[in-house]
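Visitor: following is a predicted model, sequence given first.
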Amino acid sequence: MAADLTGPSGEPSARAGAAIDRLTRVAPDFPVPGVLFRDLTPVLADADSLRLIGVALAVGFGPFDVVAGLESRGFLLGTAVAMAAGTGVLAIRKPGKLPGDILSEEFDLEYGTATLELNPSDVADGARVLVVDDVLATGGTAAAACRLLRRAGAAPIGVSVAIELGALGGRAQLGDVPIRALRLY
Ligand SMILES: O=P(O)(O)OC[C@H]1O[C@H](OP(=O)(O)OP(=O)(O)O)[C@H](O)[C@@H]1O
Ligand SMILES: Nc1ncnc2[nH]cnc12
């Protein structure tokens, strides 16, 4: 089923944003010195916040057929979004976790380099995919996910994140893919 949640998004988005402000754990010097890490796990552990964020991340885009969750917090959020939207969820994974003929993309992070992988047989040709993650920082992760989806024959129709770290300029990596964030820090 294709989700089309283009209706008013202000109310769930505002409440979800307030929950992110209130519950996100902010950890200085994690995982390496100099990084102020924003850990969404306490937000996800709160039932009302999880439900609200699932809805808020799903709205405001055009129709989509499936959600892609990016390992690992993006798996939790991606499932909440898929449940809210009535779609399935694809797993875009860290290396060495998926069997079969997989596609890989390497990219740079705020604190190192990384690789993401996708099994192209998990996604239908031409599927419209909403990419979901917890944080958009440098944009490397989300951009790699979009490249994987295109290589698999799918169309990333948007990137929906709970938190955007504006100073890291991640939007520039996403080209013309629409991006929505519930909170900009
Ligand atoms: O925009 P970028 O610079 O690419 O950074 C964003 C990514 O960084 C974190 O992943 P990380 O692997 O640190 O965490 P997780 O696996 O615990 O979710 C976060 O979950 C995003 O996926
Ligand atoms: N500062 C940060 N907090 C949480 N996730 C991140 N991913 C990259 N930078 C991050």
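Guide: It's in. Just so it is clear, the model here is predicted, and its values are computed rather than measured. Numbering: from 1, shown residues only. Ligands and ions are numbered 1, 2, ... in the order given.

Visitor: wait, doesn't A152 sit right on V129?
Guide: No - with contacts counted by C-beta atoms under 8 Å, A152 stays clear of V129, the gap being 9.1 Å. From N, CA and C alone the C-beta is placed, and that goes for glycine too.

Visitor: between these two, which one's more packed in?
Guide: The neighbour count for A152 versus V129, taken as other C-beta atoms under 10 Å, is higher for V129 (25 against 20).

Visitor: tell me the contacts of the more buried one?
Guide: Contact partners of V129, counting by C-beta atoms under 8 Å, 6 or more residues apart in numbering, are 64-68, 90, 123, 149, 154-157.

Visitor: now for whatever residue of the chain ends up closest to ligand 2: which residues touch it?
Guide: Closest to ligand 2 within the chain is A137: 3.4 Å, counting by C-beta to the nearest ligand atom. Contacts for A137 (C-beta under 8 Å, 6+ apart) come out as 109-110, 165, 168, 170.

Visitor: how far does whichever strand or helix holds L130 sit from its chain's centre?
Guide: Secondary structure assigned from DSSP states H and E places L130 in strand 128-136. Relative to its parent chain, strand 128-136 has a centroid offset of 3 Å by C-alpha atoms, centre = their mean, to the nearest Å.

Visitor: that one and ligand 1, are they touching?
Guide: Yes - in terms of C-beta under 6 Å from any ligand atom, part of strand 128-136 sits within range of ligand 1, namely 133-136.

Visitor: what do you get for stretch 170-183?
Guide: Yes - using C-beta under 6 Å from any ligand atom, stretch 170-183 reaches ligand 1 at G170.
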